[in-house]
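**Q** predicted coordinates and the sequence they were generated for:
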Amino acid sequence: MTEETAAPLRPYQCTTCGSAFSTDYLLRRHMTIHNETKPFQCDLCSSSFSQNSDLVKHRRVHTGEKPFGCDLCPAAFSRNSSLKLHKMNHSGIKPFRCSVVSCTSAFSTQQLLRRHALIHSGVRPHICDLCPAAFIQKSDLMKHRKTHTGEKDFHCEICSAAFARRSSLKQHAMSHTDQKPYSCQYCDSSFSTFSLLNRHHLFHSGIKPFSCPSCDTAFSQRSDLVKHSRIHSREKPFKCTECPAAFARRHSLNQHYALHSGIKPQKCDICGVSFTTMSRLKRHKKIHLGIKPFKCTSCPAAFLQRSDLKKHGQVHTGVKAFQCYACGSAFSRAGSLKEHITIHTGIRPFKCHICTRSFATQALLCRHFKIHAAQGYTEPPKFSCDPIAPNNTPVEPPDNQSQPQTVHQLG
């Protein structure tokens, strides 16, 4: 069989963009993209489409219907094309490699490779009209806009967390379980989603193209650089709707919400202490096992978490990036700066429920509780937190008629 007969004939060519099709019907259907006629409108939002089949696919966004299920894992999709792309992940075949010499990325389809190439080109054609943010894909821009509108339509059934994206809810829901079906081929790490696995793979590649302009830290992803930059700017855009607490990362806010819900479904089978997420339980269990996998290369110190090792590393480098606005004192950790600032403000919102002493930070209260533990108190420490105004200025002490203080259980 010759190459000419093996390849499908596509004699019908679009005069506008050059695309070719095997039938006249497919060409006419394609031409509706160029004439901008979109007679099929969604009755649940303002989206409209040139073809009825596209409207049918779009409606599944609202209904949540995912009729195309993978026969190799629990994943399901609203479009058959998405299922086909997903199955390539199971096959492991990635014939389309990035042409940039320093990049080792490979992809299962030409479409994914073209999308990836935009990262190197720096082209982000979809720009937000409310802030300077720009995106490679229009779908990412639509998701980003929800950060301005405050829409959070996807709610967790276990805790009070809410999300603007369905994918974020799915990722959060895995924190309540121990399911991590996506394993790294280079190490023993496993992840709850395929996107988290891909992000982890960049760690092994060693490629960190996104550098911080304020320090020498570099990252493999732009999103990590954005999160890191908030350390320098002290920006905390994620605010709790139930108290004045604010956070630099959305993940930290979602974990904080669990304090308000009081739900702690993950229980340690060794000591009985309960936690809001499986990740916190696993972290806690390392205390019982004595596991400290993150070792300092400059001294014998070892830590449970990589973040603690990074903080410790600043002791050796001498870098003190956190400076007090009142007296100029500098610190290597944000927590140390917070603790220091209370010298100037006098705020001590964390009160011991056993005695009358109060403290500037939760860590100091926990340290103090060891005194009571030595006296025979076995229940976990609690902290009562006086309300602090959103501008971080102390409010007047409540009198006997005011509402009771909020009490949180640690763990």
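**A** Thanks, I have it.

**Q** what sits against the nearest residue to residue 321 once chain neighbours are set aside?
**A** Spatial nearest neighbour of residue 321, chain neighbours left out: residue 215 (6.5 Å); criterion: Cβ to Cβ, 6 or more residues apart in numbering. C-beta coordinates here come from the backbone N, C-alpha and C atoms, glycine included. Counting by Cβ atoms under 8 Å, 6 or more residues apart in numbering, residue 215 touches 232, 319, 321.

**Q** what is the nearest of those residues to residue 19?
**A** Lowest distance from residue 19 to the contacts of residue 215 (Cβ to Cβ) belongs to residue 232, with 47.5 Å.

**Q** on the three-state scheme, the residue nearest to residue 321 is what?
**A** Assigned by DSSP: H, G, I helix; E, B strand; the rest coil, the conformation of residue 215 is coil.

**Q** tell me the domain boundaries of the protein?
**A** According to automatic domain parsing, the chain comprises the domains 11-98, 156-291, 347-390+403-411.

**Q** so which of the contacts of residue 215 is the most crowded?
**A** Using other Cβ atoms under 10 Å as the neighbour test, the contacts of residue 215 are led by residue 321, with 15 neighbours.

**Q** dump stretch 168-175 to CSV, restricted to CA.
**A** Provided in CSV are the C-alpha atoms of stretch 168-175 (Å, rounded to 0.1, in the frame of the first residue of the first chain):
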residue,chain,number,x,y,z
SER,A,168,-9.7,22.3,43.2
LEU,A,169,-12.6,20.7,45.0
LYS,A,170,-11.5,17.3,43.8
GLN,A,171,-8.0,17.9,44.8
HIS,A,172,-9.1,19.1,48.3
ALA,A,173,-11.5,16.0,48.7
MET,A,174,-8.5,13.7,48.3
SER,A,175,-7.0,15.3,51.5
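
**Q** can you name the residues in contact with that stretch?
**A** Here stretch 168-175 makes contact (Cβ under 8 Å, 6+ apart) with 154-158, 161, 163, 180, 192-193, 196, 250, 254, 277-279.

**Q** rerun at 6 Å
**A** Contacts to stretch 168-175, defined as Cβ atoms under 6 Å, 6 or more residues apart in numbering, come from residues 154, 156, 161, 163, 192, 193, 277, 278.

**Q** could you redo the residues you listed as CSV and give each row secondary structure?
**A** Putting those into CSV (three-state DSSP) gives the following:
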residue, secondary structure
154, strand
156, coil
161, coil
163, strand
192, coil
193, coil
277, coil
278, helix
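
**Q** go through those residues and name the one nearest residue 71.
**A** Distance to residue 71, by Cβ to Cβ, is smallest for residue 193 among the contacts of stretch 168-175, at 19.3 Å.

**Q** residue closest to the middle of this protein?
**A** residue 251 (5.7 Å; Cα atoms, centre = their mean).

**Q** any idea which helix or strand carries that residue?
**A** Residue 251 is located in helix 250-261, with elements delineated by DSSP states H and E.

**Q** tell me which residues in that helix are buried?
**A** Within helix 250-261, the residues that count as buried by 16 or more other Cβ atoms under 10 Å are 250, 253, 254, 255, 256, 257, 258, 259, 260.

**Q** spit out the contact partners of the fifth one.
**A** Applying Cβ under 6 Å, 6+ apart, one finds that residue 256 lies in contact with 240, 245.

**Q** and the helices in the stretch 251-400 of the chain?
**A** Listed in chain order, the helices of the stretch 251-400 of the chain (DSSP state H, counting those that start in this stretch) span residues 278-289, 306-317, 334-345, 362-374.

**Q** my bad, the stretch 1-150 of the chain
**A** Secondary structure of the stretch 1-150 of the chain (DSSP H, counting those that start in this stretch): helices located at 3-6, 24-35, 52-63, 80-91, 110-121, 138-149.

**Q** got any ranges where the stretch 251-400 of the chain has weak pLDDT?
**A** Residue ranges of the stretch 251-400 of the chain with pLDDT under 70: 378-400.

**Q** now the spatially closest residue to residue 311 that is not a sequence neighbour: how far from residue 246?
**A** With Cβ to Cβ, 6+ apart as the criterion, residue 311 has its nearest non-adjacent residue at 5.4 Å, and that residue is residue 333. Relative to residue 246, residue 333 is positioned 18 Å away (criterion: Cβ to Cβ, to the nearest Å).

**Q** residue 104 too?
**A** To residue 246, residue 104 is 38 Å away according to Cβ to Cβ.

**Q** would you confirm that residue 20 contacts residue 10?
**A** Yes: counting by Cβ atoms under 6 Å, residue 10 is a contact partner of residue 20 at 3.7 Å.

**Q** how far does stretch 62-72 stretch from start to finish?
**A** End-to-end distance for stretch 62-72, by Cα to Cα, to the nearest Å: 26 Å.

**Q** hmm, I typed the wrong one, I wanted stretch 150-170.
**A** End-to-end distance (Cα to Cα), stretch 150-170: 19 Å.
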